[in-house]
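Trainee: Need coordinates for the following:
(3 chains)
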Amino acid sequence: MVQEEIKRRGPWTEEEDLQLVFYVKLFGDRRWDFLAKVSGLKRTGKSCRLRWVNYLNPDLKRGKMTPQEERLVLELHSKWGNRWSRIARKIPGRTDNEIKNYWRNHMRKKAQELRKKSTSISPSSSFSNSSSSSSSITHDENETNFYDTVGLELLQAEGEKKASNQEQGGESMKVYSMDEIWKDIESLEENEEKMNKPIMGSISTLWDYCPDSLWKDFDWSSFR
DNA sequence: AAGCTAAGCAACCGCCGCTAT
DNA sequence: GATAGCGGCGGTTGCTTAGCT
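Mentor: Numbers count the residues shown, from 1 in each chain, chains lettered A, B, ... in the order given. Predicted coordinates for the structure are as follows:
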């Protein structure tokens, strides 16, 4: 009779992060169950993978989505629906989880704004033609439809607004045309195919990219 | 200052598909 | 070909923080 090891759950500690990064560096980011075992972390392989993919991976960008990233998310979502990982692959440095959260929060906010506007004009305008994805979101009907379809409508409405805002604002953020975005996507796809390299291909620089807080107190002698 | 609400984000769950045996 | 194990994905939950009354 094998005794089931009790797995830790909940937020990761800095120590766990360090340990995970070290073992990912050592063995790569594929065999998560194996990694979970050899690292001594009392976590499931899945949990380790999630932590790495969504937080520890040095290729990740942090902070607010840029306007061009926002537009890209809208555009790609209108094309692919809730295929978050697929969308994430086209937006370097962003994870599916991040994009999903972004969509959920920011789009809901904008849906509310739009709804306010639309109810003041015509109660039955917009939010009507659900087209993509098998979303099981159980909010009220307007919201569900918004998640599925409103991206493009927003793109159009927001595009004009942002363009004028950016002219006025002090920071002159470049607004990408869709042509430019698609060119970007295509070249990214080409690169992906050409290189077809695993994520860990860039991991030799891991130590350079990892947040200082992760490394500054690390006792390397214990690993020699 | 305290309480409440909404937003943001990290993490978990369950399902599905791929792969090794 | 069957099946078990694992990784990946999308959906959901729950905790923390910020903003408002």
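
Trainee: now A:I6, nearest residue through space, not along the chain?
Mentor: A:K42 (6.8 Å; C-beta to C-beta, 6 or more residues apart in numbering). From N, CA and C alone the C-beta is placed, and that goes for glycine too.

Trainee: is stretch A:72-86 anywhere near DNA strand B?
Mentor: No. On the criterion C-beta under 7 Å from any atom of the strand, stretch A:72-86 is out of touch with DNA strand B, staying 10.0 Å away.

Trainee: Now the terminal residues of that stretch, how far apart.
Mentor: 12 Å (C-alpha to C-alpha, to the nearest Å).

Trainee: mind listing what's buried in that stretch?
Mentor: Buried residues in stretch A:72-86, counting neighbours by 16 or more other C-beta atoms under 10 Å, are found at A:72-78, A:81-82, A:84.

Trainee: That one close to DNA strand C?
Mentor: Yes. Applying C-beta under 7 Å from any atom of the strand, one finds stretch A:72-86 touching DNA strand C at A:82-86.

Trainee: so where's chain A shaky on pLDDT?
Mentor: Along chain A, the model assigns pLDDT under 70 to residues A:1-5, A:107-108, A:110-224.

Trainee: can you list the residues of it near DNA strand B?
Mentor: Counting by C-beta under 7 Å from any atom of the strand, chain A sits next to DNA strand B at A:8-12, A:43, A:46-47, A:50-51, A:54-55, A:64, A:97-98, A:100-102, A:104-106, A:108-109, A:112.

Trainee: Now, these that are in helices?
Mentor: A:46-47, A:50-51, A:97-98, A:100-102, A:108-109, A:112 (DSSP state H).

Trainee: And the residues of chain A next to DNA strand B, which of them are buried?
Mentor: Here, 16+ other C-beta under 10 Å leaves A:12, A:43, A:47, A:50-51, A:55, A:98, A:100, A:102 buried among the residues of chain A next to DNA strand B.

Trainee: which two in those residues are spaced the farthest apart?
Mentor: Farthest-apart pair in these is A:R43 and A:Y102; separation 26.1 Å (C-beta to C-beta).
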